[in-house]
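**Q** Provided below are the primary sequence and the corresponding predicted coordinates.
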Amino acid sequence: MSLEFRNITLYLENRIILEDVSFSCSGRITAVMGTNGAGKTSLLKSLLGLYHPGRGEILLDGINLGQLKSPVRRAQLLSYVPQDCQAAGCPVQEFVVMGRNPYLKFWQMPGKKEYEAVEHALEELGIQDLKNRTMEHLSGGERKLCYLARARVQEAGWMVLDEPESGLDFGRRRLLLSRLREYLTKHGKHAIMSVHDPALADAYADRVVLLQEGRILDCISQEDENYEERMMEGLRRLYGRQLDWVRGAAGRAVVWRGDRNADHSELCESRKPGAGL
Ligand SMILES: Nc1ncnc2c1ncn2[C@@H]1O[C@H](COP(=O)(O)OP(=O)(O)OP(=O)(O)O)[C@@H](O)[C@H]1O
């Protein structure tokens, strides 16, 4: 299964948001990283058909998504977990089962098979206890997990996840991404996700795409011989020169040298005037 972005250029409100973005995904998970406003969500929304690039094409297993008219077919190919998981006024079980809609006729109600899929997804994510709760009464993290369960029962070939880790506690982030990897591997599926934490991208993604102000800074695979050097060089260009790897028996991690005493002024200088933050 292949997913390729070819020369994507996107304008929103007469501003260029993505410029000539080209890369292909590889392995189970591709992570997209970049500072706030770099264009990660816009890239994912272009993939989902929510934004329409003025130039370029996105090819999923040879299908040009720009020419795909059927929303049902698109939902069979791509599932989505947005950054902001809005509260719906229905029980969790009913929300999650909506993931099966692309496979039901318009007059058909979900049945035993569909609810079994829901049970299974909730169990895998460790949130069976939420089944009968109302979506709008859940915490942000709990809601995020319900959206993930819905994407899971949708059984699309590709999951599109916008900051899946946001709002989750320290342990659940790891649990979620390792379960995601297991699920993708077991079912031969793939994911593209935006993520802010380089440690999570490093630990769970096979390929990391670094976006800077709407352009590709680098696209690095874990298999590349110089992966560590390129990854660190890219991260330093995005976030600052004090970043470094530390290595130990338990693996490697990205840290700030000096941390609380580190000089973070470079971070602000690297932002464009008027870009906020
Ligand atoms: N619908 C829109 N109309 C106009 N501008 C938009 C729209 N959506 C996004 N933008 C702008 O596009 C730029 C990229 O936004 P985007 O949400 O893709 O960034 P991001 O990398 O996902 O940021 P973050 O890490 O903060 O979520 C920003 O400057 C944003 O203000």
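**A** Noted; the coordinates are in hand.
**Q** In space, what's closest to the residue in the stretch 151-277 of the chain that the ligand sits nearest to - neighbours in sequence excluded?
**A** In the stretch 151-277 of the chain, the residue that lies nearest the ligand is Ser194 (6.1 Å; Cβ to the nearest ligand atom). In this view, the C-beta of every residue, glycine as well, is placed from N, C-alpha and C. Of all residues not flanking Ser194 in the chain, Lys40 sits nearest, at 3.8 Å (Cβ to Cβ, 6 or more residues apart in numbering).
**Q** follow-up on the earlier one: report the beta-bridge partner residues of the residue of the stretch 151-277 of the chain closest to the ligand.
**A** Using DSSP bridges, the bridge partners assigned to Ser194 are Val32, Asp162.
**Q** can you count the residues close to it?
**A** The criterion is other Cβ atoms under 10 Å. On that basis, Ser194 has 25 neighbouring residues.
**Q** could you point out the longest helix in the protein?
**A** The residue-count maximum for a helix in the chain (DSSP state H) belongs to helix 170-187.
**Q** In it, which residues are buried?
**A** Across helix 170-187, burial judged by 16 or more other Cβ atoms under 10 Å covers Arg172, Arg173, Arg174, Leu176, Leu177, Arg179, Leu180, Arg181, Tyr183, Leu184.
**Q** Same check on stretch 7-15?
**A** Of the residues in stretch 7-15, Ile8, Thr9, Leu10 count as buried by neighbour count, 16+ other Cβ under 10 Å.
**Q** do the same with stretch 123-134
**A** Of the residues in stretch 123-134, those buried by neighbour count under the rule 16+ other Cβ under 10 Å are Glu124, Leu125, Ile127, Leu130, Lys131.
**Q** One more: stretch 188-205?
**A** When neighbours are counted by 16+ other Cβ under 10 Å, the buried residues of stretch 188-205 are found to be 189-195, 197-198, 200-205.
**Q** for stretch 66-83, same thing?
**A** Arg74, Ala75, Leu77, Leu78, Ser79, Tyr80, Val81, Pro82.
**Q** what do you get for stretch 237-254?
**A** Applying a neighbour-count criterion of 16+ other Cβ under 10 Å, one finds Leu238, Tyr239, Gly240, Gln242, Leu243, Val254 buried in stretch 237-254.
**Q** try stretch 47-54
**A** Of the residues in stretch 47-54, those scored as buried under the neighbour-count criterion (16+ other Cβ under 10 Å) are Leu47, Leu48, Tyr51, Pro53.
**Q** Any chance of these in CSV with secondary structure as columns?
**A** Output for the buried residues of stretch 47-54, formatted as CSV (DSSP: H, G, I helix; E, B strand; the rest coil):
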residue, secondary structure
Leu47, helix
Leu48, helix
Tyr51, coil
Pro53, coil
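**Q** how near is the residue of the stretch 151-277 of the chain closest to the ligand to Arg174?
**A** Look at Ser194 and Arg174: by Cβ to Cβ, to the nearest Å, they are 18 Å apart.
**Q** For the spatially most central residue of the chain, which non-adjacent residue is spatially closest?
**A** What sits nearest the mean C-alpha location of the chain, by Cα atoms, centre = their mean, is Met193, with 1.8 Å. Taking Cβ to Cβ, 6+ apart, and ignoring the residues beside it in sequence, Met193 has Leu161 as its nearest neighbour in space, at 3.8 Å.
**Q** Also Lys131?
**A** Excluding its sequence neighbours, the residue lying closest to Lys131 (Cβ to Cβ, 6+ apart) is Gln93, at 5.0 Å.
**Q** quick one: the one you found is in a helix?
**A** Yes. Membership of Gln93 in a helix is supported by three-state DSSP.
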